[in-house]
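Novice: What would the 3D arrangement of this be:
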Amino acid sequence: MKLVNNATHPIKTQRFRSLFIVGALGLSALFAAPVTVHDGYVDFSRGEAATLGETTENNPAANLRVASAKEGTSFSSSIERVNDFMAVLDPPDVFLGIYTSASLQVSAKEIGQVDQWMRTNGLTTRVAIAGTFMDIEFPNPEWNIPHDLDAAWSEGALPFVNLAVGTTSLGTRTAYDVASGVLDDAIRAWASVYADWSQGGERRAFIAPLQEMNTGWVSYGLDPENFKLAYARIRQIFLEEGVLESAVLWVFAPNGWSLPGHEFERYYPGDSAVDVVGFSAFNFGACALSGVGWDPYEVSIRPYLERMRTLAPDKSIFLAQTGTVAQGGDKSFWLRESFDKIADFPMAQAIIYFNLSKVEPGASYCNPVDWRVYNPERNTGDSGFLDALRSFENPRNGSETLHQVLLPLVASH
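Specialist: Prediction:
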């Protein structure tokens, strides 16, 4: 596998179909937006965007620094390790996650609010995974990384970190920049802080390097060869900085939909480098300025579950980012149908729901777009979400626990 400098990617004209399954970082990265600072912490949930189309000069010296990211780098990975990793939960195999309204150190309390709301409505399900977005060049990493992760951990949830580049004020970053070693110092600093936080594997997180890499709305997108090198390089540096296997599960997290020629299969780093596979899938409904509108499970989710199952039949599958609007259809029905069918899908193990209301480029009919199933300000939520959870309170006939979703009771950490 060659290191290729593909830093310049023309922005291609595409239907709004490209937007209905993009996550928080993906949509905000299409257009420049100011970052929000909280006592020295930069909130990337409204992240500063990378500008597409800028060229990074080829660095001959950097080309010599890719040995650790060569094709063939081997990492141990198995379904048994996934189960061991998630054994801090009871039961260990099925999970509900949410993304909160801002950085975890600011808004992790919403996890407890969702838990209380579900308990009040007679459910035993709890939030087991806390989704978040970070950058390899995160400012003040010694403070911000552990405080974000601690915020999730203190709520009894495992962090799920979408680890990007190019979302800070430092400017555009590409997959080539990561693969060639330009960002090695930042990666080492991040990994070193994470190693200390993990306390020798006692604390854990999912990490999805360069999520939605098969799209044009991230600065590191549309470059499969350099993405695979970058993914391997990040993993190798984490190992070199003392991050134990027991402290992290590595996630391949593309977008479901893509332009022709950028199907996520082209980006897969290989079974030996990946512990969990996942994807983003959103229903923008009537909020879309163009496209087909309402996208049920059979359109927005099922095709990508099937392709992931074919690509990595022995891997756990996460719906890594998902959400639906109410405009244009029946939100409660979408939730019930989608969660019910995902729960029956082989190897599907988690849904991480995008519980935010935010401005989305290309969806001005509804802005801000309200993805939420629970409103923490009003302590109210969607009945369809509760119904979807109730349908999993009892094991299904003929369905293995491994293949179910949304049943976890989070054990005390």
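Novice: For the protein, just list every one of the helices.
Specialist: The residue ranges that make up the helices of the chain, judged by DSSP state H, are 24-28, 60-63, 79-85, 104-107, 109-120, 141-154, 175-180, 184-198, 224-240, 297-300, 302-311, 331-344, 383-390.
Novice: Point out the most buried one among the ones you listed.
Specialist: Among those, helix 175-180 has the highest mean neighbour count (mean count of other C-beta atoms under 10 Å), at a mean of 27. Glycine gets a C-beta too; all of them are placed from N, C-alpha and C.
Novice: where does the stretch 51-200 of the chain dip in pLDDT?
Specialist: Applying pLDDT under 70 to the stretch 51-200 of the chain picks out residues 51-94.
Novice: Distance-wise, check N214 relative to R204.
Specialist: Separation of N214 from R204 (C-beta to C-beta, to the nearest Å) stands at 27 Å.
Novice: Looking at those two, which has the bigger crowd around it?
Specialist: Neighbour count, other C-beta atoms under 10 Å: between N214 and R204, N214 has more, with 25 against 21.
Novice: Return the backbone torsion pair for that one.
Specialist: For N214, the backbone dihedrals (degrees, to the nearest 10) come out as phi -90, psi 20.
Novice: ok, now how distant is it from G156?
Specialist: From N214 to G156 the distance is 33 Å (C-beta to C-beta).
Novice: and what of P346?
Specialist: 28 Å.
Novice: again, but for A175
Specialist: 35 Å.
Novice: same deal with F333?
Specialist: 30 Å.
Novice: before we move on, what about L389?
Specialist: From L389 over to G156 the distance is 17 Å, taken as C-beta to C-beta.
Novice: ditto for I234
Specialist: Note on I234: its distance to G156, by C-beta to C-beta, is 28 Å.
Novice: got a list of what A164 touches?
Specialist: Listed by C-beta atoms under 8 Å, 6 or more residues apart in numbering, the contact set of A164 reads L25, F44, F133, M134, D135, I136, L210, Q211, V218, Y220.
Novice: Ok, C366 next?
Specialist: Counted by C-beta under 8 Å, 6+ apart, C366 has contacts A286, C287, V325, Q327.
Novice: For the third one, list the residues it contacts.
Specialist: Contacts here follow C-beta under 8 Å, 6+ apart; on that basis V325 touches N283, F284, G285, A286, C287, K331, C366, V369, D370, W371.
Novice: As JSON lines, those residues with distance to E245 would be great.
Specialist: Formatted as JSON lines, these follow (distance: C-beta to C-beta, whole Å):
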{"residue": "N283", "distance to E245": "36"}
{"residue": "F284", "distance to E245": "38"}
{"residue": "G285", "distance to E245": "41"}
{"residue": "A286", "distance to E245": "46"}
{"residue": "C287", "distance to E245": "42"}
{"residue": "K331", "distance to E245": "40"}
{"residue": "C366", "distance to E245": "43"}
{"residue": "V369", "distance to E245": "38"}
{"residue": "D370", "distance to E245": "40"}
{"residue": "W371", "distance to E245": "34"}
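Novice: among the residues you listed, who's most crowded?
Specialist: Most surrounded of those: other C-beta under 10 Å gives F284, at 32 neighbours.
Novice: Would you check that that one makes contact with S364?
Specialist: No - counting by C-beta atoms under 8 Å, F284 does not reach S364; the two are 11.6 Å apart.
Novice: related to what we said a few turns ago, columns distance to V251 on top of the helices of the chain, output as TSV?
Specialist: Shown next, in TSV, are these (distance: least, C-beta to C-beta, whole Å):
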stretch	distance to V251
helix 24-28	14
helix 60-63	26
helix 79-85	11
helix 104-107	17
helix 109-120	20
helix 141-154	15
helix 175-180	16
helix 184-198	15
helix 224-240	10
helix 297-300	20
helix 302-311	12
helix 331-344	17
helix 383-390	23
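Novice: List just the nearest of the contacts of C366 to I98.
Specialist: Among these, V325 lies closest to I98 (C-beta to C-beta), at 16.6 Å.
Novice: Tell me how far the closest one lies from G256.
Specialist: 17 Å.
Novice: again, but for T322
Specialist: Distance from T322 to G256, by C-beta to C-beta: 10 Å.
Novice: okay, and the common contacts of these two?
Specialist: Joint contacts of T322 and G256 (C-beta under 8 Å, 6+ apart) are S280, A281, I301.
Novice: Quick check: the last one touching E337?
Specialist: No - the pair I301 and E337 fails to qualify as a contact (C-beta under 8 Å) at a distance of 9.8 Å.
Novice: and the closest residue to A247 other than its chain neighbours, what is it in contact with?
Specialist: Spatially, and ignoring its direct neighbours in sequence, A247 is nearest to S198 (3.7 Å; C-beta to C-beta, 6 or more residues apart in numbering). S198 makes contact with R204, A205, V243, L244, A247, V248, according to C-beta under 8 Å, 6+ apart.
Novice: 10 Å - rerun?
Specialist: Residues near S198 by C-beta atoms under 10 Å, 6 or more residues apart in numbering: P146, L149, R204, A205, G242, V243, L244, S246, A247, V248.
Novice: what is the fourth one paired to in the beta sheet?
Specialist: The bridge-partner assignment for A205, based on DSSP bridges, gives V248.
Novice: ok, it - how many residues close by?
Specialist: 23.
Novice: how close does it get to G256?
Specialist: Applying C-beta to C-beta, the value for A205 to G256 is 23 Å.
Novice: got it, and the second one?
Specialist: The gap separating L149 from G256 is 27 Å, by C-beta to C-beta.
Novice: just the fifth one next, same as before
Specialist: Per C-beta to C-beta, G242 is found 35 Å from G256.
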